[in-house]
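In: Give me a model of this one.
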Amino acid sequence: MTFSLVLLALVSLQGTCRYSMKDVSIEPEAKTVKVNYIENKARYVNPLLSPRLTEKLRQKIVNQTRLSQTNGEADYEIFGTITDYSVSTSGISNQQVASNNLNVTVSLTFKNKINEKKNFETSITRNFPFSSTLSLQQAEAQLAEQIINNLADEIFNKIFSSW
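Out: Modelled structure (predicted):
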């Protein structure tokens, strides 16, 4: 009998507890977005990173929001600069480097022409671990998709998530 009451209480609690999250937060009157070319001003420049990240972010916004990409005046405008692209040691084993991190930082500026109170500037830094047995070029080839996808997702979430 007691077990049945506890089970009934848990089931009724589960039915009343709800968690909701808006995936994308956009003003109703916003129609257009301009994603400016993400410049690479890091000391070491991966020549493929800027064009691929810019294009991935544009595609993500167009595919996951109702906004249209434009090259002219836009309701939302996004500026980005890659400010760091460097390698650091992340693990040592037997007094030798065992793993490294590829560190990437993007400085982001978001301009909201509909609601200027929502303008912001921030930096996003992500570290991508790789084996010390790989050269930087090998690590870049191995991590390229992950870097592009993670950074595009992070930028998108900073701009459009309301949580």
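In: Enumerate every residue touching Asn150.
Out: 126, 128 (Cβ atoms under 8 Å, 6 or more residues apart in numbering). Heads up, the C-betas are built off the backbone N, CA and C, glycines and all.
In: and it, helix, strand or coil?
Out: helix (DSSP: H, G, I helix; E, B strand; the rest coil).
In: can you check Lys34 too?
Out: strand.
In: Any idea how many residues pack against it?
Out: For Lys34, the count of nearby residues is 19 (other Cβ atoms under 10 Å).
In: Show me the beta-bridge partners of it.
Out: Taking DSSP bridges as the rule, Lys34 bridges to Glu77.
In: give me the number of residues near Thr105?
Out: Using other Cβ under 10 Å: Thr105 sits among 17 other residues.
In: what's the pLDDT at it?
Out: Thr105 carries a pLDDT value of 98.
In: From Glu29, how far off is the closest residue to Leu102 other than its chain neighbours?
Out: Nearest in space to Leu102, with sequence neighbours left out and distances taken as Cβ to Cβ, 6 or more residues apart in numbering, is Phe128 at 4.5 Å. The span separating Phe128 from Glu29 equals 38 Å under the rule Cβ to Cβ, to the nearest Å.
In: if you count what's nearby, which of the two comes out ahead?
Out: Under the criterion of other Cβ under 10 Å, the comparison of Phe128 against Glu29 puts Phe128 first, with 19 against 8.
In: what sits against that one?
Out: Listed by Cβ under 8 Å, 6+ apart, the contact set of Phe128 reads 101-104, 139, 143, 146-147, 150.
In: make it 10 Å
Out: Neighbouring residues of Phe128 by Cβ atoms under 10 Å, 6 or more residues apart in numbering: 87, 100-104, 139-140, 142-144, 146-147, 150-151.
In: With Ala152 instead?
Out: By Cβ under 10 Å, 6+ apart, the contact set of Ala152 is 38, 52-61, 106.
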